[in-house]
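*Asks:* I'd like to go over a predicted model; first the sequence, then the structure.
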Amino acid sequence: MTTALITGATAGIGAAFARRLAGSGHHLVLVARDTERLRDEATTLHDRYGVEVAILTADLSTEDGIAAVEKRLRDTGEPVELLVNNAGFGNKGRFLEVPVDDELTMLKVHCEAVLRLTTAAAGTMRERGRGGVINVASVAAFFPRGTYGASKAWVTQFTQGVAQDLAGSGVRLMALCPGFVQTEFHSRAGMDAGDVPRWMWLEAGRVVDTALRDLARGRTLCVPDPRYKALLGASRLVPRAVLARASTGTGRKYGPK
Ligand SMILES: NC(=O)c1ccc[n+]([C@@H]2O[C@H](COP(=O)([O-])OP(=O)(O)OC[C@H]3O[C@@H](n4cnc5c(N)ncnc54)[C@H](OP(=O)(O)O)[C@@H]3O)[C@@H](O)[C@H]2O)c1
C-alpha cells in the first residue's frame, strides 16, 4: 500500500482525488484548513474503503502551514509516494479591483507552496527512486488573464521543467490543466458562473480519472478533456493580443457580478 498526500482535499477536485485514491487502496494524508471537514472526510473514506486516512490542518498561505506539510513530506519513516498539490482559489474582480495582499496570498498558495512542497516530496522520492507529483494548474495557464492565469502558467512551466530535470530518476511530475469543473471554487470566490455553457463544465471524478491515467503513462501535461484540447489547439492560431481581449471578455462575462 502506498500513501498519497492531497492538499485542498475536502472539496471539489481534491476530494475527488481522495475518493479515487482511497478506492484504489492508497493510504491518505488529507490537507486543508477546516479541521472538522477533514475529520468527517477521513472517517467516511476510512469506513468506506478500509484505508488509513490521516489529516493535517494547514493554511498554505502561511509559513507555518507550508512548513508543517513540508515536514510530513520529508518523513522517510512514512513515505509519501504521490503528492497532489491541488489547494487553490480564485479572487473576485479584475486587476486593481483585487487588493494586492489578496494577489500575494494567491501567489503564496499557488506558487510558493507548490514549489516548496514539490521540493520536499521530490527530494525523498528521488532517494527512493520512485514517486509522483500532480500539480493542479488550469487551462487559464494558456490565456493572458490576471494573476490567476499567471500563477497557473507558473505551475505548468515549473512542473514540466522539473519533470525534465528529474527524468530517469523514477519521479514523475505532471501539471493538470482542467477547464471549468463543478466544485465550490466559483461560489467560494463569489463568482457568477451561471452563464458558462453546459458543455464547458467538467465533472471532478472524470478529471481525476484522466489525470491518474496520464500520470501512469508518463505524461507531464494533462488537459483532461478533448473539448478543451481542441480549444487550446485553436487558440494557438490566434494572435496573443486578440486572445488577451477575448480572455478578458470571458472574465467579464463569467466573473463576479
Ligand atoms: N473548479 C474549476 O473550475 C477549476 C478549473 C481549473 C483549475 N482549478 C484548480 O483546481 C484546484 C482545486 O479547486 P476546486 O475547484 O476543487 O476548488 P474548491 O472546491 O473550492 O476546493 C478548494 C480546496 O482547497 C482548500 N484550500 C483553499 N485554500 C487553502 C489554503 N490556503 N490552505 C489549504 N487548503 C486550502 C479548501 O479547503 P479549506 O477551505 O478547508 O482550506 C478545499 O479543500 C485549484 O488549484 C483550482 O485553481 C479549478
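*Replies:* Sure, I can see it.
*Asks:* from here on, just use CA atoms for contacts and neighbour counts.
*Replies:* Fine.
*Asks:* do stretch 112-122 and the ligand meet at all?
*Replies:* No - figure legend: stretch 112-122 not in contact with the ligand (CA under 6 Å from any ligand atom); closest approach 9.1 Å.
*Asks:* run through who's touching that stretch.
*Replies:* 60-61, 66, 69-71, 73-74, 80, 83, 85, 131, 133, 135, 155, 171 (CA atoms under 8 Å, 6 or more residues apart in numbering).
*Asks:* so which of these are in strands?
*Replies:* With DSSP state E as the criterion, strands contain 83, 85, 131, 133, 135, 171 from among these.
*Asks:* for the fifth one, list the residues it contacts.
*Replies:* So the one you mean is residue 135. Residue 135 makes contact with 84-86, 114, 155-156, 159, 173-176, according to CA under 8 Å, 6+ apart.
*Asks:* who in the stretch 1-150 of the chain is up against the ligand?
*Replies:* 7-14, 32-34, 58-61, 86-89, 109, 136-138.
*Asks:* apply 8 Å and report the result again.
*Replies:* 7-15, 31-35, 37-38, 57-62, 65, 85-90, 109-110, 136-140, 148 (CA under 8 Å from any ligand atom).
*Asks:* and those, which of them are in strands?
*Replies:* Those of those mapping onto strands are 7, 31-32, 57, 85, 136, per DSSP E.
*Asks:* for these, work out which two are farthest apart.
*Replies:* Farthest pair in these (CA to CA) is 57 and 136. Separation: 19.6 Å.
*Asks:* quick one, phi/psi of residue 52?
*Replies:* Main-chain torsions, residue 52, degrees, to the nearest 10: phi -80, psi 130.
*Asks:* how far away is the closest residue to residue 207 other than its chain neighbours from residue 1?
*Replies:* For residue 207, ignoring the flanking residues on the chain, the nearest one in space by CA to CA, 6 or more residues apart in numbering is residue 224 at 5.7 Å. Applying CA to CA, to the nearest Å, the value for residue 224 to residue 1 is 27 Å.
*Asks:* have a look at these two and say which one is more surrounded.
*Replies:* residue 224 (21 against 10; other CA atoms under 10 Å).
*Asks:* who touches that one in this structure?
*Replies:* With CA under 8 Å, 6+ apart, residue 224 has these contacts: 176-178, 207, 210-211.
*Asks:* tell me the confidence at it?
*Replies:* We have a pLDDT of 97 for residue 224.
*Asks:* what do you get for residue 256?
*Replies:* On pLDDT, residue 256 comes in at 44.
*Asks:* next: residue 72.
*Replies:* For residue 72, pLDDT reads 98.
*Asks:* how many residues are close by it?
*Replies:* Around residue 72 there are 19 residues (other CA under 10 Å).
*Asks:* and what of residue 86?
*Replies:* Close neighbours of residue 86, defined as other CA under 10 Å, add up to 24.
*Asks:* now do the contacts for it.
*Replies:* Taking CA under 8 Å, 6+ apart, we find residue 86 in contact with 6-9, 13-14, 135-136.
*Asks:* how much space separates it from residue 50?
*Replies:* On the measure of CA to CA, residue 86 and residue 50 end up 24 Å apart.
*Asks:* backbone phi and psi for the residue nearest to residue 144 when sequence neighbours are not counted, please?
*Replies:* Leaving aside its chain neighbours, residue 144 sits nearest to residue 244 (5.2 Å; criterion: CA to CA, 6+ apart). Torsion angles at residue 244 (phi, psi; degrees, to the nearest 10) stand at phi -60, psi -40.
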